[in-house]
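Enquirer: Next comes the sequence, and after it the predicted model I'd like to discuss.
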Amino acid sequence: MADKYSKKVAVEQFGKRSNAYAACGTLMDQTDLDTVVGLLDLKGNETVLDVATGTGYLAMALAPHVKRVIGIDITPRMLELAVQAAGERGLGNIENLVGDVEHLPFYDSQFDVVSARFSFHHFPGPLVSLSEMARVLRPGGRLVIEDMVSSEDATKSEYQNTMENLRDPSHIRHYRASELEQMMQEAGLEIVDRGGGGSDFDLDHWLEMADPPAGSVERIRGMMRDSMEGDRSGLNVRVEEGRVVFTYATAIVVGRKV
Ligand SMILES: C[S@@+](CC[C@H](N)C(=O)[O-])C[C@H]1O[C@@H](n2cnc3c(N)ncnc32)[C@H](O)[C@@H]1O
C-alpha cells in the first residue's frame, strides 16, 4: 500500500515538475553522460532498456552507440518530453513506454544493457527493482546505475535523507555507495566497474526544481544552515558569492549478470 502511494506521489511530482527536470543542468551534463556511455564499452549491436528514462537524456546519449533503446518511465508527462526531444535530435532508434520498474513488461534475458540514471532513489522497493532489472538482462549483460549517494556515516546519511524527503515526497532514499553495491550483488550482479564524482547545486535552484511547500522550504533552509558546522549532512554546504551551495556525491556502478 505504501509502495502504491509512493508511486502515485512520483507521478504527481514528476508530472508537475517535468519542465524543470527537462532543463536540469545535472541531467543534461554531457561529460557525465559520456562517462556513463564510456563505461559500457558498447559495440553498436546492443538492445538497451533505460529504466526511469525521464526526459530521456541518457537514452539519447546511448542511442547513437547501440542498435535500439527502449525507455520506460512511470510518469507519462516526462515521456512526452522525451519523445519530443528525441524527435528534435532525429534519433529514430528510441522507443518510449509508460511502466513501473518493479513490473517490467519484458521477457527474461531480453536486453544486453539496462540503465537507470538519477532515479534509483525514487524506487520504493530497491531490491525488487534491481531483481526486475537483472531479470530482463541476458547473462553477461550489464546493468549501470548512476545515482546520488549519501555519506557512509549513518548519522549524516539520515540528515541528508530527512532534507530530501521534505523537499520531494517522492524521494525514498539516497543510499550509501556501499549499500548500493551490496544490493546489486544481492540481485545477482557482479560489480565490474565504478565511477562517479560530484555535482554542485545552488540551494535556491534545487528548491525551485521540486517546489516543496513553504513550511518545508523553511525547515530545509534551517537544516542546510545548521549543516555548515561540522558538515552534518555530508553535502559540504557552504556560501559562495552570497549563495548557499552544496555538493552531491554521485556513484556510477556497473554490474554484470552472472
Ligand atoms: C530524475 S528523472 C530521471 C532522469 C533520466 N534517467 C535521465 O538520465 O535524464 C527520475 C525519473 O524516475 C521516474 N520514476 C520514479 N519512480 C519510478 C518507477 N517506479 N518506475 C519507473 N520510473 C520511475 C520518474 O517518473 C522520473 O521521470
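Expert: In hand now; what should we look at?
Enquirer: Show me which residues of the chain sit near the ligand.
Expert: 7, 10, 14, 21, 27, 52-55, 57-58, 73-75, 78, 100-101, 117-119, 122-123 (CB under 6 Å from any ligand atom). For glycine as for every other residue, the C-beta is placed from the backbone atoms N, C-alpha and C.
Enquirer: Read off the pLDDT value for the nearest residue to Arg138 once chain neighbours are set aside.
Expert: The shortest distance from Arg138 to any non-neighbouring residue, by CB to CB, 6 or more residues apart in numbering, is to Ser109 (4.2 Å). Model confidence at Ser109, given as pLDDT, is 98.
Enquirer: now stretch 173-187: mean pLDDT?
Expert: Mean predicted lDDT for stretch 173-187 stands at 98.
Enquirer: Please apply the same query to stretch 113-133.
Expert: On average, stretch 113-133 scores 97.
Enquirer: how far does it sit from the chain's center?
Expert: Stretch 113-133 has its average C-alpha position 9 Å from the chain's average C-alpha position, going by CA atoms, centre = their mean, to the nearest Å.
Enquirer: That one: end-to-end distance?
Expert: 10 Å (CA to CA, to the nearest Å).
Enquirer: Flag every buried residue along that stretch.
Expert: Applying a neighbour-count criterion of 16 or more other CB atoms under 10 Å, one finds 113-124, 126, 129-130, 132-133 buried in stretch 113-133.
Enquirer: same deal with stretch 80-88?
Expert: Under 16+ other CB under 10 Å, the buried positions of stretch 80-88 are 81-82, 85-86.
Enquirer: How is Val244 assigned, secondary-structure-wise?
Expert: strand (DSSP: H, G, I helix; E, B strand; the rest coil).
Enquirer: Tell me what it is bridged to.
Expert: Val239 (DSSP bridges).
Enquirer: count of residues packed around it?
Expert: 19 (other CB atoms under 10 Å).
Enquirer: now the buried residues of stretch 80-88 as CSV including secondary structure?
Expert: Below are those laid out as CSV (three-state DSSP):
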residue, secondary structure
Leu81, helix
Ala82, helix
Ala85, helix
Ala86, helix
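Enquirer: can these go into a markdown table with extra columns for pLDDT?
Expert: Shown next, in a markdown table, are these (pLDDT from 0 to 100):
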| residue | pLDDT |
| --- | --- |
| Leu81 | 96 |
| Ala82 | 97 |
| Ala85 | 97 |
| Ala86 | 97 |
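Enquirer: ok, those residues vs Glu46, which is closest?
Expert: Ala86 (17.4 Å; CB to CB).
Enquirer: From Val239, how far out is the closest one?
Expert: Using CB to CB, to the nearest Å, we find Ala86 at a distance of 40 Å from Val239.
Enquirer: Quick check: which ranges of this protein have low pLDDT?
Expert: 1-2 (pLDDT under 70).
Enquirer: Next, count neighbours for Gly196.
Expert: 17.
Enquirer: I'd say it and Ala249 touch.
Expert: Yes. With contact defined as CB atoms under 8 Å, Gly196 counts as touching Ala249 (7.0 Å).
Enquirer: what is in contact with these two at once?
Expert: Residues touching both Gly196 and Ala249 (CB atoms under 8 Å, 6 or more residues apart in numbering): 149, 177.
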